[in-house]
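J.: compute the structure for the input listed below.
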Amino acid sequence: MNGVRQGVFLGAALAFAHFGAAVVPAHAAEPRRRAAIGWTTAKPSQPFVELEVAGVRTHALVDTGASDHVIARALVDEAGLPTVSLRAQGVDHGAGAMPLRGLAHTAVTIPGFGPLEPALSTSREGLAFAVASVHPRFHELGLGAFLSPQRLVTASHAIVVDLVHGELLEVPLPQLRATLEATGPLSLFTGNATTCSHGSGPHAGTTWMADALVEGRSARLLVDTGAAFGDLFRDSPIGRALVTREGSTATMVTAGQSLETARVEDLTVRVGEVQRSRLRWNLVDSQGKPVCPYDGVLGIDVLRHCAIAFDGRTVAGRCEDFEPSVHSAGKAGGKAGAKTPRTKGAPRKKNGR
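T.: Residues are numbered from 1 along each chain as shown. Model (predicted):
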């Protein structure tokens with residue numbers, strides 16, 4: 001979304017895996033706060049953390065493509081929490097408008113990590129978090145929120161989304177380099193990531209774009225752990241170059257709508273020192289936001305074996321030297337009427353609330 005943007009979401013056959021015991025790398029020092037990152041059981045998997053909103057337990061997609069934390073309207077209504085209109089709109093990945101509301105200050109906590117600080121920069125006293133009506137599939141699958149990791153950065157601590165070891169970490173700035181180097185030998189961005197600031201209103205925030213090579217052609221891609229797989233805008237230079245390779249069609253679920261897309265098979269993508277081959281991406285009839293032009297999305301099919309760090313000004317990443325035999329997008333959103341298993345992570349109330 002523009003300002004509050006959820007990454008592309010793969011909604012077909014999505015179920016939640018149990019959290020396993022996190023494997024802790026040999027960091028220079030223990031992080032101040034940490035939480036386990038779980039993975040959905042559907043392929044390709046997506047990362048999430050547990051979240052409590054006013055005592056209601058749910059799951060939040062770990063979404064670096066979102067410039068702000070967003071709580072689903074269905075969860076807020078179910079909990080009986082009051083909201084007010086922000087007279088602002090976000091835009092989802094398919095350029096669909098999404099009216100935003102503000103949630104009055106309430107306890108929002110990541111178990112094991114701690115409370116989230118109010119994210120909205122607004123003159124309306126007491127408003128803390130953005131709320132949006134999202135595609136019904138999210139509620140069906142137990143995803144009640146979208147977590148913007150870069151929003152967790154403080155003046156003295158960076159945030160690391162460690163997808164290799166399954167942890168969300170708050171790390172003192174002097175120890176950030178050692179923490180990343182414990183992840184893997186390959187540099188993800190090599191200094192070519194660009195900061196994108198989304199205004200100064202109630203949904204202000206930051207995302208990052210990385211310069212990449214797609215089939216040897218230059219492309220600027222949104223770094224988006226909320227995307228199960230990458231995609232390219234059809235009208236971008238790289239999209240126009242690949243349009244002759246369109247194959248089968250698929251349905252993709254974004255934050256607010258379903259989109260019919262065309263697939264391009266067997267792509268090779270390189271970002272920094274990281275290369276992934278045999279990727280299956282979609283061509284999307286959408287455009288990067290004018291304030292921050294980009295050509296598409298860099299998703300989990302490339303980022304799965306990486307750790308990404310944010311310090312408030314820059315983004316850095318390290319990855320394992322891993323090249324699987326096949327990267328597949330799977331079913332993007334599923335066909336209409338497809339059966340989707342109920343997740344074990346559906347929102348549940350504590351203490352009888």
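
J.: show me where the stretch 251-353 of the chain dips below the pLDDT cut-off.
T.: 256, 287-290, 323-353 (pLDDT under 70).

J.: helices of the stretch 201-350 of the chain, start to end?
T.: Chain-ordered helices for the stretch 201-350 of the chain, with DSSP state H, counting those that start in this stretch as the definition, fall at 237-242, 300-303.

J.: what's the most buried one of the ones you listed?
T.: Burial among these, expressed as mean neighbours by mean count of other Cβ atoms under 10 Å, is greatest for helix 300-303, which shows a mean of 26. Any C-beta I mention is one placed from the backbone N, CA and C, and that applies to glycine too.

J.: nearest to Glu140, out of the helices of the stretch 201-350 of the chain?
T.: Distances from Glu140 to each of the helices of the stretch 201-350 of the chain were compared by Cβ to Cβ, and the smallest falls on helix 300-303, at 20.6 Å.

J.: same for that closest one, what does it pack against?
T.: strand 274-284 (3 or more Cβ pairs under 8 Å, 6 or more residues apart in numbering; DSSP states H and E).

J.: pull up the pairing partners for whichever strand in the chain runs longest, direction included.
T.: For the chain, the strand reaching the highest residue count under DSSP state E is reported as strand 258-271. If you go by DSSP bridges, strand 258-271 pairs up with strand 206-214 (antiparallel), strand 246-253 (antiparallel), strand 274-284 (antiparallel).

J.: kindly export that strand (C-alpha atoms) in CSV.
T.: Extracted C-alpha coordinates of strand 258-271, given in CSV (Å, rounded to 0.1, in the frame of the first residue of the first chain):
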residue,chain,number,x,y,z
SER,A,258,-8.3,-10.6,-6.0
LEU,A,259,-6.4,-10.1,-9.3
GLU,A,260,-6.1,-12.3,-12.4
THR,A,261,-2.4,-12.4,-13.4
ALA,A,262,-0.2,-14.1,-16.0
ARG,A,263,2.8,-16.1,-15.0
VAL,A,264,6.3,-16.1,-16.4
GLU,A,265,8.3,-19.3,-15.9
ASP,A,266,12.0,-20.1,-15.3
LEU,A,267,13.3,-16.6,-14.3
THR,A,268,16.7,-16.0,-13.0
VAL,A,269,17.1,-13.1,-10.5
ARG,A,270,20.2,-11.7,-8.9
VAL,A,271,20.3,-9.2,-6.0
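
J.: so which bits of it are buried?
T.: Burial within strand 258-271, assessed by neighbour count using 16 or more other Cβ atoms under 10 Å, is assigned to 258-259, 261-264, 267, 269, 271.

J.: stretch 211-225 now?
T.: Those buried within stretch 211-225 under the rule 16+ other Cβ under 10 Å are 211-212, 214, 219-225.

J.: reformat these as JSON lines; add pLDDT.
T.: Formatted as JSON lines, the entries for these read as follows, by pLDDT from 0 to 100:
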{"residue": "Asp211", "pLDDT": "94"}
{"residue": "Ala212", "pLDDT": "95"}
{"residue": "Val214", "pLDDT": "97"}
{"residue": "Ala219", "pLDDT": "95"}
{"residue": "Arg220", "pLDDT": "94"}
{"residue": "Leu221", "pLDDT": "94"}
{"residue": "Leu222", "pLDDT": "92"}
{"residue": "Val223", "pLDDT": "94"}
{"residue": "Asp224", "pLDDT": "93"}
{"residue": "Thr225", "pLDDT": "94"}
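
J.: ok, so of those residues, who is nearest Thr195?
T.: So of these, ranked by how close each gets to Thr195 (Cβ to Cβ), first place is Val223, at 10.8 Å.

J.: let me see the contact set for the closest one.
T.: For Val223, the set of contacting residues under the criterion of Cβ atoms under 8 Å, 6 or more residues apart in numbering consists of 64-65, 193, 207-210, 298, 303, 308, 315.

J.: ok, now with 6 Å
T.: 64, 208, 210, 298 (Cβ atoms under 6 Å, 6 or more residues apart in numbering).

J.: Asp77 versus Thr194, what's the distance?
T.: As judged by Cβ to Cβ, to the nearest Å, Thr194 and Asp77 stand 38 Å apart.

J.: sorry, that was for Leu259
T.: 26 Å.

J.: quick revisit: which one's more surrounded, Thr194 and Asp77?
T.: For Thr194 against Asp77, the residue with the higher neighbour count under other Cβ atoms under 10 Å is Thr194, and the figures read 16 against 12.

J.: pretty sure the more buried one sits against Met209.
T.: Yes: with contact defined as Cβ atoms under 6 Å, Thr194 and Met209 form a contacting pair (4.7 Å).
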